[in-house]
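1. Attaching a predicted model along with its sequence, questions to come.
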Amino acid sequence: MALRGKHLLGIEDLSVQDIELILSTARSFKEISTRPIKKVPTLRGKSVINLFYEPSTRTRSSFELAAKRLSADAVNFNVSTSSVTKGESLIDTGRNLQAMNPDIIIIRHNIAGAPHLLARHCKGCCVINAGDGMHEHPTQALLDAMTILEHKGRLDGLKVVIIGDITHSRVARSNALLLKKMKSQLWVCGPPTLIPMEFEQYGARVCYDVQEAVSDADVIMILRTQRERQSEVFYPSTKEYSKRWGLNKQRMAWTKPDVIVMHPGPINRGVELDPDLADGEYSVILEQVSNGVAVRMAVLYLLLGASEES
Ligand code: CP
């Protein structure tokens, strides 16, 4: 298996074959979550530590559920009640956790590159990046790809538009890398102050006009503005942002009838996305969340379980 014994630090490191393997494995695991007994013995005896330095609803819970559905032991490390509050460094924290012999450490950190640092210092266990600063969030891009494939049957040639705060988004970066590898046609749209030129390197078309961006789109991904990462003012006001860049039902008149609307969460309802649209017929937002469990089961399995069967 292509992933065994490795780390999952970013989409950047994955080949097209790796991505296809993860997605096909996730498809086969998805059914387990619909059974009355949602558990298989695949990773019995393995242990996984969730090391989250930033808040999370979806990623942390779905990694924990993914591990438990594969019968691995999952430990949630609570940074706010740990010795991190006494000044323990990331490297020391990682090395101490590694001394307990986990098979995988899943890390979310506000600093880009923290998972890579942990991987260098924790030999003998796999590290998964669950989001590092403004850099990457690889399992989010994988679950997004799975959701698009379920609706559109392909990634190649699809017009995918990401609207919002592109600069501060690790989701946008991981999606851009994945969609480029899978030959989708990526557009990014938002305030000029929130779109870095690096996206042109990913083959993205940069557009500042929402109507132009969404017309003919097969997929629209909406991102929130990440106020917690913004040290400057990038747009005049939330009201202005919503008026110019927000997606609402009226604007859906500009789109194809079979377009899907995605959002990684959390949603700022009424700012970047109208509540009716978030819960309406175009939305696949909760399907993204369900697919997150399947993708994370696949990643855990391919890093660990597959090695012992082949
Ligand atoms: N999409 C995502 O990363 O959500 P959480 O921050 O809730 O994990």
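-> Perfect, thanks for sending it.

2. In contact with Ala172, which residues?
-> By CB atoms under 8 Å, 6 or more residues apart in numbering, the contact list for Ala172 reads Ile162, Gly164, Ile166, Val188, Phe199, Met221, Leu223. C-beta coordinates here come from the backbone N, C-alpha and C atoms, glycine included.

3. Mind checking which of the residues you listed are in helices?
-> With helices taken from DSSP state H, the overlap with the contacts of Ala172 comprises Phe199.

4. Which residue in the contacts of Ala172 has the weakest pLDDT?
-> Per-residue confidence across the contacts of Ala172 is lowest for Phe199, with 93 (pLDDT).

5. Identify the residues contacting it.
-> Phe199 makes contact with Ile166, Ala172, Ala176, Val188, Val206, according to CB under 8 Å, 6+ apart.

6. Give me the buried entries from the residues you listed.
-> With neighbours counted by 16 or more other CB atoms under 10 Å, those contain buried members at Ile166, Ala172, Ala176, Val188, Val206.

7. Get me the contact residues on the protein for the ligand.
-> Within the chain, the residues that sit near the ligand (CB under 6 Å from any ligand atom) are Ser56, Thr57, Arg58, Thr59, Gly131, His137, Gln140, Pro264, Gly265, Pro266.

8. mind putting those in TSV, pLDDT and neighbour count included?
-> As requested, the residues of the chain next to the ligand are arranged in TSV below (pLDDT from 0 to 100; neighbours: other CB atoms under 10 Å):
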residue	pLDDT	neighbour count
Ser56	97	17
Thr57	97	10
Arg58	98	16
Thr59	98	24
Gly131	98	27
His137	98	26
Gln140	98	26
Pro264	98	27
Gly265	96	18
Pro266	96	11
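
9. List just the nearest of the residues you listed to Ser89.
-> Taking CB to CB as the measure, Ser89 lies nearest Gly131 of these, at 19.7 Å.

10. gap between that closest one and Asp209?
-> According to CB to CB, to the nearest Å, Gly131 stands 30 Å off from Asp209.

11. any idea which helix or strand carries the residue most central in space within the chain?
-> Most central in the chain under CA atoms, centre = their mean is Gln140, positioned 1.5 Å from the mean C-alpha point. Assignment of secondary structure by DSSP states H and E places Gln140 within helix 138-152.

12. Okay, buried residues for that helix please.
-> Along helix 138-152, the positions that meet the burial threshold by neighbour count (16+ other CB under 10 Å) are 138-149, 152.

13. rewinding a little: pick the one among the contacts of Ala172 closest to Tyr282.
-> Met221 (12.1 Å).

14. Hmm, that closest one is touching Asp144, no?
-> Yes - applying CB atoms under 8 Å as the test, Met221 and Asp144 come out as touching, 7.1 Å apart.
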